[in-house]
Structure formats: C-alpha cells, structure tokens
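Participant: Pasted the sequence and its predicted model underneath.
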Amino acid sequence: MANGLSIGKQFTSALVVTGYMVGAGILALPINLGPSGILPAVAGALAVWFLMTCTGLVISRQPFLAENEDADLPTLFEAVLGPAGKKFSVVANLVILYGLLVAYLAGVASVAVSSFKIGLPEWAVLVIYFCVATLLASLGDTMLRKGNAVLMTLMWLLFGTLLVLVVPHFQGIDAEAADMKFFTSGLPILVVAFNFHNVVPTLCRVLNHDRKAIDRTIWIGSGIGMTMTLVWTVAVMITLPMESTNGVDIISAFKAGVPATVPLDKLIQSKAFVDASIAFAVVAMTTSYMGTGVSLMSFLKDVAGDRLRSRLALWLVTFIPPLIIGIVYPGIFLEALNIVGGMGIGTLFGILPGILLIKQSAPGSKGRLAGYAVVAFFTIVMLVEIGQETGLLHIAPNIKYWSHVHHAM
C-alpha cells in the first residue's frame, strides 16, 4: 500500500502527464477532425488514446531505464535496438520536441492576436510569451511537477468556465454524418493529442521505477487528458457550424490553420468567453511547453554528453531555434503539429515501441502480434503525413458533402 507522500507524488506526476497531453492538440483536434464527423472523431480519439497509452507503458517497462538512472530515450533505444535505433530515435525526437515548441509559441501568438486588439505584431506577442514560458521551463523537474499542479488547477477552472459559456450556443449535429476519407488526414493530430511519452523517463525516476505506481500514474494522467480532449472536441463540434456564409465555422478555421478558440470567440462574442478562451489556450500550451522544454534539455544532454557541458549552451540550443522558426513562420501552428504527429511521434512512440514488443515477445504470442499491429498502424499514419506533405495525397474537407449531407445520407 503506497503511503500518503507517494500517493501525492503519483498524483502530481499524473498531472504532468495530463499537462503534457492537454496542449496544442486539444485546441487543434476539433478543427482537424471536425469535418470527418462526430462519430469517427470520438471513436478514433478513444482508439488512438488507448494505443498511445499502451506504447507509453511499453517504454516505461524497459529495465534499461531502471538500470541507468540518467538515461533518456536515445540511449534506451540504442541499448535495446542497436545504433540504428538510436539514430532513428534522435532524428524523430528532434522533429517532435522542436516542432512542439514551435507549435506552442505560434499557437499562443495566433490566439492572442486573433482574439485581442493589442496593437502588437504577432512576432512581438510570441517573444513576450517565449520569455515567460521559457523561464518556467528552465527551472527543471521540480518546477515542472509542482508548478504544473498549479497550472493544471487553473486550466481545469478555465476549462469548466468555457464549457459553461459554450453550452447556450450548442447547435447540435448530424450524428450519422461521416467523411472517413478526411478522417485519415486527422490521424497525425490525434497522435499529437495523446502524446506524453517524452516525460516517461523522468516519470520513472521520480517514482523510483515502481512499476505499479508508474502504470497507475500513466493511466490516470492520460485518462484525465483523454476525458478533457473528448469533452472539448464534442463541445466545439456541436457549437460551431461545419460551414457558414460569414466564415465562422470549422472548415474555415481548418483552412486558416487556427485553433478552435479563434472561431468560437467570433461566434460567441462575449468578453468573458474571449478572456477565458485565451487564458485556457495560454495555460494549456504552457503546461505542455514546460514539459517539452524540460524533455528537450534532458534529451540534448543525453545525446551530446560531454560535448555540451555548459548549461547556458544547452539552454540556447534548446530554446533559441524554436523562437527563430516561430518568428519567421508565425502561421505554422497546425502544419507543425501535423509534421510532429505523422513523422515524429508516430515513429518514435509508435513504430519503435511496436518493434520493442516484437523483439521482446515470444514467437506467436499475443505480445508479438500486438507489436506488428502497432507498427502497421503508425506506419500508415507516417505514410499519410508524408503523402500530404509531398503532394501525393490531397485530403481536404468535402465541402460539397457537408453542404448536402442530409441529401447524401
């Protein structure tokens, strides 16, 4: 039976998992999945959440993490999959961590500029946010765990406020309408929405590699994140029209590449909602920014070893590149998330854990079959994203379908 202190540590650690999950993904998901229909969106979210949670558990159960206290993911994959595993993980992790930091910076700047007439260019808002969020992320694991609990409490209050303000504007939706072709384009964002895996090595260290405590923490943390994500996605989808003459709708937001709070602010036109929505977006992305920043510093330290001894140099290499990219490409929010999900997270936290299952399970066992299924699914996610980025796949909302959905059913 765990004592009171360890229970408290498990709960605050679970909130780190939730905070890492509930960031840019929750804001992007209703827009990126909305045109597929509510049933595909909900069913797909549940399936990908379960799959992502399981791959996180696979990583947490690697004995190498317990035997090597300072190890991070590249060293882990090198030990169990050889040099190729390390190279694969390093490239994928760079895509994930840098891409997420860019997305959070661009996302907050986009929400602030779209919601408020603050008289500042988007790059200036991005720089101001960067200074505050990066200071919090720079304070390390202790600040991440304790400060995150405060931010999560604030985020829940804001989340509840948004839901209360949105309810009077519910318009309903045709539950039977579905566009499965478009649903495939949302797979990378789904993967992003349920990603927490970069904090797993830190989580294992904080919980002293207690397997039961780690399992419980991951399920609780990811479960809270999944619940918030699903509730928000459904609320947005039954509030915003799929298309409209004034452009305040899901499809227009998808084309503009903006978070769900932007069209909601225009639809509801309430100062209370605008204030709560931007505060929620900032807090949600800040919790994720902190976790990602800490993970990237740990990752770079693990990869560079003695070549990056200076803490200042480590800080500069971690945070300055995302700042520059965010300033140069301010509208990169949804694009960055798609690349991160399809080419980074799906590879590192889908395909590689699947290979671990195959390698570490007996021939013909359920574990090995599950490993093949995991590898196959995340390979499809990666191919979909590559196809879209290279122009080989052109998956867009079927406006004609949604305009005549009742006739088409």
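Facilitator: Structure's in. What do you need? For clarity, every value in this text was computed on a predicted model and none was experimentally measured.
Participant: Could you measure from Arg307 over to Gly25?
Facilitator: Counting by Cβ to Cβ, to the nearest Å, the separation of Arg307 from Gly25 is 33 Å. The way it works is simple: take the backbone N, C-alpha and C, and place the C-beta from them, glycine included.
Participant: Could you do Gly367 as well?
Facilitator: For Gly367, the distance to Gly25 equals 28 Å [Cβ to Cβ].
Participant: Now Thr227: which helix or strand?
Facilitator: helix 211-237 (DSSP states H and E).
Participant: Which helix or strand lies directly C-terminal to that helix?
Facilitator: Going down the chain from helix 211-237, the next helix or strand is helix 250-256, by DSSP H and E.
Participant: Could you list the low-pLDDT ranges of the stretch 251-400 of the chain?
Facilitator: In the predicted model of the stretch 251-400 of the chain, residues 305-306, 308, 393, 395-400 satisfy pLDDT under 70.
Participant: so where do the strands sit in it?
Facilitator: Per DSSP state E, counting those that start in this stretch, the stretch 251-400 of the chain carries no strands over any range.
Participant: So for the helix holding Thr227, what gets flagged as buried?
Facilitator: Across helix 211-237, burial judged by 16 or more other Cβ atoms under 10 Å covers 213-214, 216-218, 220-222, 224-226, 228-230, 232-237.
Participant: returning to what we had before: higher neighbour count, Arg307 and Gly25?
Facilitator: Using other Cβ atoms under 10 Å as the criterion, Arg307 and Gly25 rank with Gly25 on top: 26 against 8.
Participant: Skipping its backbone neighbours, what lies nearest the more buried one in space?
Facilitator: Of all residues not flanking Gly25 in the chain, Ala193 sits nearest, at 3.1 Å (Cβ to Cβ, 6 or more residues apart in numbering).
Participant: And Ser6, by the same measure?
Facilitator: Closest to Ser6 by Cβ to Cβ, 6+ apart is Ala213, at 6.7 Å.
Participant: so the one you found touches Phe11, yeah?
Facilitator: No - applying Cβ atoms under 8 Å, one finds Ala213 not in contact with Phe11, separated by 10.7 Å.
Participant: Could you measure from Ala28 over to Leu39?
Facilitator: Distance, Ala28 to Leu39, by Cβ to Cβ: 20 Å.
Participant: Same question for Gly23.
Facilitator: Distance from Gly23 to Leu39, by Cβ to Cβ: 25 Å.
Participant: With neighbour numbers in mind, choose between the two.
Facilitator: Gly23 (29 against 14).
Participant: OK, contacts around that one?
Facilitator: Leu100, Tyr104, Ala284, Met285, Thr287, Ser288, Tyr289 (Cβ atoms under 8 Å, 6 or more residues apart in numbering).
Participant: Need the pLDDT of the residue nearest to Gly25.
Facilitator: At Ala193, the model reports a pLDDT of 88.
Participant: Same check on Met228?
Facilitator: Note on Met228: pLDDT of 90.
Participant: what's the closest non-adjacent residue to it?
Facilitator: Nearest one to Met228, counting by Cβ to Cβ, 6+ apart, is Val22 at 5.5 Å.
Participant: so the one you found sits right up against Thr229, yeah?
Facilitator: Yes - if you go by Cβ under 8 Å, Val22 and Thr229 touch, sitting 6.8 Å apart.
Participant: The spatially closest residue to Leu323 that is not a sequence neighbour: which element?
Facilitator: Nearest non-adjacent residue to Leu323, counting by Cβ to Cβ, 6+ apart: Phe130, 5.3 Å away. Using DSSP H and E, Phe130 falls within helix 122-137.
Participant: Now do the buried residues in that helix.
Facilitator: Glu122, Val125, Leu126, Val127, Tyr129, Phe130, Ala133, Thr134, Leu136, Ala137.
Participant: Contacts for it, please.
Facilitator: Contacts of helix 122-137 (Cβ under 8 Å, 6+ apart): 104-106, 108-110, 112-113, 118, 120, 143-144, 147, 282, 286, 289-290, 292-294, 319, 323, 326-327, 330.
Participant: buried subset of the residues you listed?
Facilitator: 104-106, 108-110, 112-113, 144, 147, 282, 286, 289-290, 292-294, 319, 323, 326-327, 330.
Participant: Restricted to helices, list those.
Facilitator: Among these, DSSP state H puts 104-106, 108-110, 112-113, 144, 147, 282, 286, 289-290, 292-294, 319, 323, 326-327 in helices.
Participant: Need the residues that contact the host helix or strand of Ser6.
Facilitator: If you go by DSSP H and E, Ser6 is part of helix 4-21. The contact list for helix 4-21, computed with Cβ under 8 Å, 6+ apart, reads 2, 144-146, 148-149, 151-152, 155, 193-196, 198-199, 202-203, 206-207, 210, 213, 216-218, 220-222, 224-226, 228-229, 287-288, 290-292.
Participant: so what's His404 scoring on pLDDT?
Facilitator: On the pLDDT scale, His404 gets 48.
Participant: cool, His407 as well?
Facilitator: In this model, His407 carries a pLDDT of 37.
Participant: try Phe182
Facilitator: According to the model, Phe182 carries a pLDDT of 81.
Participant: same question, Ser60
Facilitator: Value for Ser60, per-residue pLDDT: 93.
Participant: Pull the contacting residues for it.
Facilitator: Contacts here follow Cβ under 8 Å, 6+ apart; on that basis Ser60 touches Val200, Leu203, Cys204, Arg211, Ile214, Asp215, Ile218.
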